[in-house]
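1. Below: sequence and its predicted model.
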Amino acid sequence: MPNYDQLTQGTQPCVLVVDDMPQSLHFVTAALEEAGMTVLIARDGFAALDLLKKVVPNIIIMDGLMPGLDGFEVTRRLRADPTFTHVPVIFMTGLTETEHVIQGLQSGGVDYIRKPVDVNELVARVRVHLQNARTGQAVTQALDFGHRPTIGVDNQGVLLWHTPQSALVLTSAFPGWVLNKPLPEPLLSVMTALLAQRSLMLRRTIDITEGVIECVLMGTMNDGTNAVSLLLKRPGDEERLLETTLGLTVREAQVLLWISKGKSNRDVSAILNISPRTVNKHLEQIFVKLGIENRTSAAAIAMATMNK
């Protein structure tokens, strides 16, 4: 499943806002986007659950009372799914009774904001919970080495250990490198740069013959070892991932990839050698398949899918 937890260099945290009131959605969305966040919206509980089948945002702002399926029940369902245990849910509602506050927290919410919303307070609370969730998730991922190519390095970038998957990446990318030897250049320089910034989930890439190696600082262990994941990406990998994960056609995946890289319809038209009208038709189909309404949401879903 696409995972919005990865906050890559140059990308924005993703917030899902669930509210059945259009005015409230517009007000909150504008404030969050002005604060530098990507916003996805759902107008009811069922729409939220449907969207969450495709993406896992960094944080969710949930209206408590909505027709059909209220926010409390949506949150309870999310908390029963291990995929969403790390995603904080902030309730935003006009309910003022203490019992409703308790209901929101007991259903799995981490915070509670009453309407009318003070945007400065909202943004401040979102940032705090984003940071808390980001740190906790990074440590969890860093400890879960069984399913990702990961190496452990000290603060100077010296290799301390590696997983079997990371050894395969290293020997494939650097044919002259031997296991249990110091990291080869330019990988050592990249490790040094990552550790100098000490920013969790920060990415650096290295160009190699087969494609690129994406290096991500995942976290620091109790003994001070820094866990860094290594992902080998070959040409065409991203298009195939978008196609298979999101249920797109080959051409739709190509269009979505370039949209996620910030290209305009005219740019995509020139790159893929198709007409702007055809690009727009593909985008319409992408919106329908992903259950979204705009290219910003499409790009956010694509980035989440490629960065999982």
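-> That came through fine.
2. Okay, helices next: where are they in the stretch 1-150 of the chain?
-> Assigned by DSSP state H, counting those that start in this stretch, the helices in the stretch 1-150 of the chain fall at 22-34, 45-51, 71-79, 98-106, 119-143.
3. mind checking how far whichever strand or helix holds residue 242 is from the chain centre?
-> Assigned by DSSP states H and E, residue 242 belongs to helix 237-246. Centroid separation between helix 237-246 and its chain, computed with Cα atoms, centre = their mean, to the nearest Å, is 16 Å.
4. coming back round to it: okay, the helices of the stretch 1-150 of the chain in TSV with mean pLDDT and distance to residue 255 next?
-> Glycine gets a C-beta too; all of them are placed from N, C-alpha and C. Output for the helices of the stretch 1-150 of the chain, formatted as TSV (pLDDT from 0 to 100; distance: least, Cβ to Cβ, whole Å):
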stretch	mean pLDDT	distance to residue 255
helix 22-34	89	24
helix 45-51	93	20
helix 71-79	90	31
helix 98-106	76	40
helix 119-143	74	30
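5. Packed most tightly, which of those would that be?
-> Across the helices of the stretch 1-150 of the chain, the average number of neighbours (mean count of other Cβ atoms under 10 Å) peaks for helix 71-79, which reaches a mean of 21.
6. In the helix holding residue 242, which residues are buried?
-> Within helix 237-246, the residues scored as buried using 16 or more other Cβ atoms under 10 Å are 238, 239, 241, 242, 243, 245, 246.
7. for the helices of the stretch 1-150 of the chain, which one sits closest to residue 295?
-> Residue 295 lies closest to helix 22-34 among these, at 13.9 Å (Cβ to Cβ).
8. Are there helices or strands packed against the closest one, and which ones?
-> strand 14-18, strand 38-42, helix 119-143 (3 or more Cβ pairs under 8 Å, 6 or more residues apart in numbering; DSSP states H and E).
9. what about this structure, any weak spots by pLDDT?
-> Within the chain, the segments meeting pLDDT under 70 span 1-11, 95-98, 100, 134-147, 180, 198-201, 222, 307-308.
10. Let me know how buried residue 255 is, in neighbour terms.
-> Neighbour count of residue 255, defined by other Cβ atoms under 10 Å: 31.
11. typed the wrong thing, it's residue 306
-> 21.
12. which strands and helices sit next to the helix holding residue 242?
-> Against helix 237-246 (3+ Cβ pairs under 8 Å, 6+ apart) you get helix 250-260, helix 295-306.
13. okay if I get these as CSV plus distance to residue 72?
-> Below are the helices and strands packed on helix 237-246 laid out as CSV (distance: least, Cβ to Cβ, whole Å):
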stretch, distance to residue 72
helix 250-260, 34
helix 295-306, 25
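14. Out of those helices, which is closest to residue 170?
-> Comparing the helices and strands packed on helix 237-246 under Cβ to Cβ, the one sitting nearest is helix 295-306, at 22.0 Å.
15. how distant is that closest one from the center of its chain?
-> 9 Å.
16. Going by neighbour count, list what's buried in it.
-> In helix 295-306, counting by 16+ other Cβ under 10 Å, buried: 295, 297, 298, 299, 300, 301, 302, 303, 304, 305, 306.
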